[in-house]
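K.L.:
what follows is a predicted protein model with its sequence.
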Protein chains: 2
Amino acid sequence: MAGTHKDFWPLEGGPVIILVEPKLPENVGMVARAMLNCGLNELRVVAPRWVTEQGLPLAHEKAVAVSSGADAVIHNMKMFDTYQGAMADIEYAVATCPRKHDLFKEVVSAREIMPRVLERFQATQKCAFIFGCERTGLTNEHIAMADILVTIPLNPSFCSLNLAQAVLVMAYEWFQLYQHNKTPKNRQFKVAPKEELMGFLHQLEEGLDKTGFLRVAEKRPGMVTNIRNMFTKASLTSQEVRTLRGIVNYLLKGERN
Amino acid sequence: MAGTHKDFWPLEGGPVIILVEPKLPENVGMVARAMLNCGLNELRVVAPRWVTEQGLPLAHEKAVAVSSGADAVIHNMKMFDTYQGAMADIEYAVATCPRKHDLFKEVVSAREIMPRVLERFQATQKCAFIFGCERTGLTNEHIAMADILVTIPLNPSFCSLNLAQAVLVMAYEWFQLYQHNKTPKNRQFKVAPKEELMGFLHQLEEGLDKTGFLRVAEKRPGMVTNIRNMFTKASLTSQEVRTLRGIVNYLLKGERN
């Protein structure tokens, strides 16, 4: 469909799109197009397989070729070795998942989530929509670091969306709400970025390792995931995270005699 | 994203998707996937260029290859030489258009249209979403035969969607409403199918040719389009169309002396 001016970006900000281990650079190019269609321009990619397989310049070229003019999104794209790196400054993380997950966490539809994202965005929180790799989606470890899960309601007999289409639906739903709500932002509602939360969680896990709570090796990963999930769901503020760090420090010292 | 059972179609009906002169069979395959994602299964294609360029079997093969399992939609696809043929039994036609058009016709958003489509659908009217070719979109002649125009609200600086993505957004919006409204249908609200309307319009145009109203050759196409547009906007019933045919017949006989 026609009607494009490449040299004009009218919208500032909006949620970050995080792609975890995307398989093909072409998919990243189509994601960039879908993002810019809906006014989003901040793309992060975690451990893309094609960096080692194809080299970055060729991958960029392939992505740009299918982006239909959304080159700038690709050139601005940031790459991270780890999921935690990509999540460091995120304050409200929305993970997309097509299937049921074992973790107890609220699941809402792509439409239902957007008023909450808008509220966080207007409170100047850094929001992200997170998408797993084309074939396997997000793992429980990824989801544990998200504040909330989202599914896209589709024909239950045929609900397989490709990556760019999943991004398009989320970005489209965002834009439908955002376009009518460009009101001034406020700073009243502030949560800790994921980096601070992860700092606390690492401290806690280290403590739990020392005390033997996590001693059974085969159970450790699942237990860590559950612990991260519990604290992530709480929408903790930076002050609350600091308080928790203090609590863990004190607990580790043990009873005073 | 995973989670697909190819052998089970839970939904019956829904709007028909009509693609006018699509350029590439691959795009038709991706459209089929987007349709089935949202429970739609009736695809019509008008004058596809690849029938003459590539031959039908090869084109089908290419479309199936990218449809990710939505083969059945492609095998059930119907092809038409003319737009009017594809529209013959349609009772409520929604045309998608990214740009402003000259014709005076109501334009609403993809979300706003769906309650109206659902109302028509529940009244057992045959509904269609119409998409133009990838590069040029729909012409005024196509749009004149539609009941209403729809735009997809997107970043005004970068609103170029590919065909499958445009179909996905429309089908997705349909499914979000339909999934909660599978109530019994009623037949209280019935309009004339486009074939009956076109029969009347051809009779009228023939009469106008005979009487010299359309005598200026270079103005004729635009005038015909405007006339078709006026009568299409009226949501005429079959009885009203018959009445209009009678009126035109009587008018053509001229004044009685």
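P.N.:
Good, I have the coordinates.

K.L.:
list the buried residues in stretch A:73-86.
P.N.:
Within stretch A:73-86, the residues that qualify as buried are A:73-74, A:77, A:80, A:83, A:86, counting by 16 or more other C-beta atoms under 10 Å in any protein chain shown. Backbone N, C-alpha and C define where each C-beta goes, glycine included.

K.L.:
send me the longest helix along chain A as CSV with only the CA atoms.
P.N.:
Counting residues, the longest helix found in chain A (DSSP state H) is helix A:194-211. C-alpha atoms of helix A:194-211 as CSV (Å, rounded to 0.1, in the frame of the first residue of the first chain):
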residue,chain,number,x,y,z
LYS,A,194,15.4,-4.9,35.4
GLU,A,195,19.1,-4.4,36.0
GLU,A,196,18.5,-3.4,39.6
LEU,A,197,16.1,-6.3,40.0
MET,A,198,18.6,-8.8,38.5
GLY,A,199,21.3,-7.4,40.8
PHE,A,200,19.2,-8.2,43.8
LEU,A,201,18.2,-11.6,42.4
HIS,A,202,21.8,-12.6,41.8
GLN,A,203,22.6,-11.5,45.4
LEU,A,204,19.7,-13.6,46.6
GLU,A,205,20.7,-16.6,44.5
GLU,A,206,24.3,-16.4,45.7
GLY,A,207,23.1,-16.4,49.2
LEU,A,208,20.8,-19.3,48.6
ASP,A,209,23.7,-21.3,47.0
LYS,A,210,25.9,-20.6,50.1
THR,A,211,23.2,-21.6,52.5
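
K.L.:
say whether chain B is contacted by stretch A:163-183.
P.N.:
Yes. Using C-beta under 8 Å from any C-beta of the partner chain, stretch A:163-183 comes into contact with chain B via A:164-166, A:168-169, A:172, A:175-176, A:179.

K.L.:
buried sites along that stretch?
P.N.:
Buried, per 16+ other C-beta under 10 Å, within stretch A:163-183: A:163-176, A:178-179.

K.L.:
before we move on, what about stretch A:225-240?
P.N.:
The neighbour-count check on stretch A:225-240 (16+ other C-beta under 10 Å) flags A:225, A:227-229, A:231-233, A:235-236, A:240 as buried.

K.L.:
which one of those residues sits closest to A:F129?
P.N.:
Nearest to A:F129, judged by C-beta to C-beta, of those is A:T232 at 15.9 Å.

K.L.:
if we can go back for a sec, and the residues of stretch A:163-183 next to chain B, which is the shakiest by pLDDT?
P.N.:
Across the set of the residues of stretch A:163-183 next to chain B, A:Q179 stands lowest in pLDDT, at 86.

K.L.:
and that residue, what is it in contact with?
P.N.:
Neighbour list for A:Q179: B:P153 [criterion: C-beta atoms under 8 Å, 6 or more residues apart in numbering or on different chains].

K.L.:
and the pLDDT at the closest residue to A:D81 other than its chain neighbours?
P.N.:
What sits nearest to A:D81 in space, not counting adjacent residues and going by C-beta to C-beta, 6 or more residues apart in numbering or on different chains, is A:A47, at 6.1 Å. A:A47 is assigned a pLDDT of 89 by the prediction.

K.L.:
which strands and helices sit next to the lowest-mean-pLDDT helix or strand in chain A?
P.N.:
Sorting the helices and strands of chain A by mean pLDDT, DSSP states H and E puts helix A:50-53 at the bottom, at a mean of 76. Counting contacts by 3 or more C-beta pairs under 8 Å, 6 or more residues apart in numbering or on different chains; DSSP states H and E, helix A:50-53 packs against no other helix or strand.
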